[in-house]
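Colleague: Fold the following.
(2 chains)
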Amino acid sequence: MSDYLFDMRGIRKSFGGVRALDGIDLQVRPGECLGLCGENGAGKSTLMKVLSGVYPYGTWEGEIHWQGKPLHARSVRDSEQAGIVIIHQELMLVPELSVVENLFLGNELTLPGRRMDYEAMYARAHALLKELQLDDVNLSLPVKAFGGGHQQLFEIAKALAKDARLLIFDEPTSSLSSKEIEVLLGIIERLKQRGIACIYISHKLDEVARICDTVSVIRDGKHVATKPMSELDEDSIIAMMVGRRLETLYPRVEHEIGEVVFEARHVTCYDVSDPSRQRVKDVSFSLRRGEILGIAGLVGAGRTELVSAIFGAYPGRSQVELYMDGKPLRIRSPRDAIRVGMGLVSEDRKRYGIVPMLGVDQNITLATLQHYASAGHVDSGREWSVAEAQIASMHIKASSASLPIANLSGGNQQKALFSRMLLTRPRILILDEPTRGVDVGAKVDIYRLIFELAKEGISIILVSSELPEILGTSDRVLVMGEGRLCADLPNDGLTQEQVLAAAIPQAKRA
Amino acid sequence: MRAQEFRALFVRYKILALLLALAVIWIFFHIATDGAFISSRNLSNLLRQTSITGMLACGMVFVIIAGEIDLSVGSLLGLLGGIAAVMTVNLQWGSWPTVVAVLLLGLVAGLLNGFIVTRLRVPSFIVGLGGMLAFRGVLQGITHGATIAPVPADMVYLAQGYVNQTLSSWLAAIIFFALVVMTVARRRRRAALSIPQSAAWRDALKLVAIGAVMAGFLVMLNRYNGVPLPVMILLALLAIFTYVGTQTVFGRHIYAVGGNMEASRLSGIDVAGVKMVVFALMGLMCAFAGIINTARLAAGSPSAGTNGELDAIAACFIGGASMRGGAGTVHGALIGALVMASLDNGMSMMDVDNYWQLIVKGSILVIAVWVDVLSGTKRD
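Modeller: Numbers count the residues shown, from 1 in each chain, chains lettered A, B, ... in the order given. Predicted structure coming up:
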């Protein structure tokens, strides 16, 4: 089996007693595209960090062979030198530097005395971009002048500039329009013909089905199966990823939907750095008591902007008209929003959620601390029992309530942040990507909680990029595209195709 | 394994490492000065020197925990001290009205800094840098570049006076008794709610250690003239700031805002309001320090407080505050201030040239933060 370009066997890696990877095998031949599938938290990103040298040789068990020889990468630099380059989900470009400077960042072509050899770099960059069929790019403009699709292609060109033999794509299309996705997939096809191998990590199984020759599925850190794509379809991949029938993921609870309690009219948000651009364009919707309202749409459709504007947290200029129980609301800050009975669990736990150095208990009580205090003095006993009750009822796994929250797994952090908002006793709870980076078990807990809250009469706005999640939980689905509200669909037997059909024409028109 | 446990102990109780370092510094100076350093007279001096930097550090540690910085405090200290001198000497105000007026002015100056940082959104580093120049300029303007003296005796007493010995002994006894009662009460409450708590012997050991240190200092200081008044003021501030930082909603909000400002905002915390108050407290502490400084010199000087901000900031970082905000303690900052003052005092006693003093202080600051970085690094 020496025809493998890349061969990893029996990879194991633990974090403080928790096994993240438990015996993973992966093989890739030159010119092959391997799809790597698995739920969030299955261990994909850990595996990629092993493979790209982020976790140096010796911090994990197992063997990696590269072109038939053992590979002992001690850093990202080592593995890049060998020809393994990872293209991250969040692009690693320096926005203020020019395209050509970015393409050769850390890998500059030089003249004697370590001077930048701009002529050589421009010539090489032109050749690289031509290969990617990007002829009309001004290489001396800063990268920030280009859109997400172009930037993604620059990342690929940057990898090719390093003579990459194996490209790893981590959710490459999550922020691309459908037209840009077409271009990217076409380029991967051509790279394959040139003998360059790819590992393609994506939740979008239609893309995996189109581009990949082989698919490996991992679940809970274990290798489930590797099969040629010709033997698989999307459903069988999902079945392997989840390891059980899909319906059980969404433990629906019957809940009563009451009268309209909340209305948002003519919400318009302007871009923070370019106030002439509208990120959300005149969106209106209403919300009933006990209703779960899903908001679907591609990344960049303006969903997060819409909900943060409603919550008084949008950083730029926005126009919002809100009514609760038919009476107009004035919300200028999250403080106002919480006071009138709204809660928001944000999409980005690290940036907008946890206070890493504070304990789990102190994170849970952050929004309601004044309730456990008299004259400004915190009753630490009361605070502790409130937090402890939440930890128990939400099944938050923490060795101690006062442990800094940064030490918890993503799913447990998310549950703590739910607790924080639930303690404010909201009537309307806005959840922005509540299961991002959360493992399957915690996901089901979160869905169950959403249904229970709806049953108690709390109205829920659920923003999600995962269509099955929206369809599995929502009573009604709003579809957004390019900042506009494209459709308002009741969810009885709604299909992914119907939702996409509502979202995509809008995207193509742009 | 033993070395690891040792390290874990220091990581958990950073304060132990700091106290150990302080002990090493003191023993070094004690030997180098042939036993003059740890004497009643010198300890009295040393603590008095610490009090001004310590007052600034009390305010500064909150500013740093909130994720900001204030570089203007040295100049503001000088300016407020100068105003106190001008009011009492040139305008013939009484000492007490002057003290009240200067404290209010400090509060206003702090609010002004806070307003520019939070409402006008100028980074605090720049606001501090601007204030550093501007406040110094105002000071030189109102003093016409000359020393203003003599300050009345009752104001001088604030810095040079001593607390009555019987009174301070009683105070120490009461404070110690209160600490014991508070510890027992806390243990009872925690037991009732079945909150896990540290072993009883640990709390007992802590109390014994605190009691021994208090008694030792009291005996030493009473052998000279008693506890200096500014030291007593600093201890009161230590108690108040520690209480605010650890027991109040406002205190928790300072840590939350510094730890993650966006998360705090989304949790409904008035981030700008918290920062305003933190800057206002900083201004108030500048007023305290300025008055004490003027009283200590019995004069207002146009160069008073120069580099004061650097000592205060260094004290906070030596005391374990985080550069990125969200972590730090008041007692840590005060021990940091004591370290800085000990270096000044000890090297002056040894007749070390001023340039060497600067080199040593700078190096100690960098080494202290380096050790902090080392012990805080997580490896997997």
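Colleague: how about the strands in the stretch 351-500 of chain A?
Modeller: A:373-374, A:377-378, A:428-432, A:459-463, A:476-481, A:484-490 (DSSP state E, counting those that start in this stretch).
Colleague: how about the ones you listed, which one is nearest chain B?
Modeller: Judged by CB to the nearest CB, the one of the strands of the stretch 351-500 of chain A that comes nearest to chain B is strand A:373-374, at 4.9 Å. In this view, the C-beta of every residue, glycine as well, is placed from N, C-alpha and C.
Colleague: That closest one pairs with which strands, and in what direction?
Modeller: Strand A:373-374 has its sheet partners listed here by DSSP bridges as strand A:377-378 (antiparallel).
Colleague: which residues of the chain score low on pLDDT?
Modeller: Chain wasn't specified; assuming chain A. Within chain A, the stretches with pLDDT under 70 are A:1-2, A:16-18, A:40-41, A:175, A:244-248, A:299, A:439-441, A:504-510.
Colleague: please go with chain B instead
Modeller: Those would be B:1-12, B:375-380, if you go by pLDDT under 70 across chain B.
Colleague: Give me every residue in it lying close to chain A.
Modeller: B:189-190, B:192-193, B:195-196, B:247-250, B:252-253, B:255-256, B:259-260, B:262-270, B:322, B:326-327, B:380 (CB under 8 Å from any CB of the partner chain).
Colleague: Pull out the buried residues from those residues.
Modeller: Taking 16 or more other CB atoms under 10 Å in any protein chain shown as the criterion, what is buried in the residues of chain B next to chain A is B:190, B:195, B:247-250, B:252-253, B:255-256, B:259-260, B:262-270, B:322, B:326-327.
Colleague: Please flag which of the residues you listed sit within helices.
Modeller: With DSSP state H as the criterion, helices contain B:190, B:247, B:249-250, B:252-253, B:255-256, B:259, B:262-266 from among those.
Colleague: could you redo these as CSV and give each row distance to A:Phe15?
Modeller: Output for those, formatted as CSV (distance: CB to CB, whole Å):
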residue, distance to A:Phe15
B:Arg190, 31
B:Gln247, 35
B:Val249, 35
B:Phe250, 36
B:Arg252, 30
B:His253, 32
B:Tyr255, 27
B:Ala256, 27
B:Gly259, 23
B:Glu262, 27
B:Ala263, 24
B:Ser264, 28
B:Arg265, 31
B:Leu266, 28
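Colleague: can you list the domains in chain A?
Modeller: A:6-243, A:249-341+A:427-509, A:355-425 (automatic domain parsing).
Colleague: re the thing from before, how about the strands of the stretch 351-500 of chain A, which one is nearest A:Asp22?
Modeller: With CB to CB as the measure, strand A:428-432 is the member of the strands of the stretch 351-500 of chain A nearest A:Asp22 (31.2 Å).
Colleague: who does the closest one pair up with?
Modeller: For strand A:428-432, pairing defined by DSSP bridges yields strand A:342-345 (parallel), strand A:459-463 (parallel).
Colleague: mind checking how far the shortest one is from the chain centre?
Modeller: So that's strand A:342-345. 20 Å (CA atoms, centre = their mean, to the nearest Å).
Colleague: The closest residue to chain B within the stretch 1-150 of chain A bridge partners, please.
Modeller: Minimum separation of the stretch 1-150 of chain A from chain B (CB to the nearest CB) falls at A:Phe15, amounting to 6.4 Å. Per DSSP bridges, the residues bridged to A:Phe15 are A:Val18.
Colleague: quick revisit: quick one: which of the ones in helices among the buried ones among the residues of chain B next to chain A is nearest chain A?
Modeller: B:Gly259 (3.9 Å).
Colleague: so who does the closest one touch?
Modeller: Counting by CB atoms under 8 Å, 6 or more residues apart in numbering or on different chains, B:Gly259 makes contact with A:Val355, A:Pro356, A:Met357, A:Leu358, B:Gly325, B:Gly326, B:Ala327.
Colleague: Of these, which pair is most distant in space?
Modeller: A:Leu358 and B:Gly325 (12.2 Å).
Colleague: Domain map for chain B?
Modeller: Split by automatic domain parsing, chain B gives B:15-161+B:228-375, B:162-227.
Colleague: Just say which of these is most tucked in.
Modeller: domain B:15-161+B:228-375 (a mean of 21; mean count of other CB atoms under 10 Å in any protein chain shown).
Colleague: Now do the buried residues in stretch A:489-496.
Modeller: In terms of neighbour count (16+ other CB under 10 Å), stretch A:489-496 has its buried residues at A:Leu489, A:Asn491, A:Leu494.
Colleague: try stretch A:159-179
Modeller: Within stretch A:159-179, the residues that count as buried by 16+ other CB under 10 Å are A:159-162, A:164-177.
Colleague: Now tabulate the domains of chain A in CSV and tack on distance to B:Thr53.
Modeller: Putting the domains of chain A into CSV (distance: least, CB to CB, whole Å) gives the following:
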stretch, distance to B:Thr53
domain A:6-243, 40
domain A:249-341+A:427-509, 37
domain A:355-425, 26
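Colleague: Where does the stretch 151-300 of chain A get nearest to chain B, residue-wise?
Modeller: A:Val272 (13.5 Å).
Colleague: Quick one: residues contacting the nearest residue to that residue once chain neighbours are set aside.
Modeller: Take A:Val272 and drop its neighbours on the chain: the residue closest to it by CB to CB, 6 or more residues apart in numbering or on different chains is A:Gly316, 3.9 Å away. Neighbouring residues of A:Gly316 by CB under 8 Å, 6+ apart: A:Cys269, A:Tyr270, A:Asp271, A:Val272, A:Pro275, A:Arg279.
Colleague: cool, and A:Leu403?
Modeller: Counted by CB under 8 Å, 6+ apart, A:Leu403 has contacts A:Gly359, A:Val360.
Colleague: hang on, the earlier thing: could you dump the strands paired with strand A:428-432 to a markdown table with distance to B:Ala101?
Modeller: A markdown table is the format used below for the strands paired with strand A:428-432 (distance: least, CB to CB, whole Å):
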| stretch | distance to B:Ala101 |
| --- | --- |
| strand A:342-345 | 45 |
| strand A:459-463 | 54 |
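Colleague: Of those strands, give the one that comes closest to B:Phe279.
Modeller: Across the strands paired with strand A:428-432, closest to B:Phe279 is strand A:342-345 (CB to CB), at 28.4 Å.
Colleague: If the residue nearest to B:Gly226 when sequence neighbours are not counted is in a bridge, with which residues?
Modeller: Closest residue in space to B:Gly226, ignoring its immediate chain neighbours: B:Tyr162 at 3.8 Å, by CB to CB, 6+ apart. Beta-bridge pairing of B:Tyr162 under DSSP bridges involves B:Pro228.
Colleague: Double-check B:Tyr162 against B:Met232; I have them as touching.
Modeller: No: using CB atoms under 8 Å, B:Tyr162 makes no contact with B:Met232, being 9.0 Å away.
Colleague: hmm, back to that, and the residue of the stretch 151-300 of chain A closest to chain B, that's in a strand?
Modeller: No: secondary structure of A:Val272 (DSSP: H, G, I helix; E, B strand; the rest coil): coil, not part of a strand.
Colleague: Count the neighbours of it for me.
Modeller: Burial of A:Val272 is recorded as 13 neighbouring residues (other CB atoms under 10 Å in any protein chain shown).
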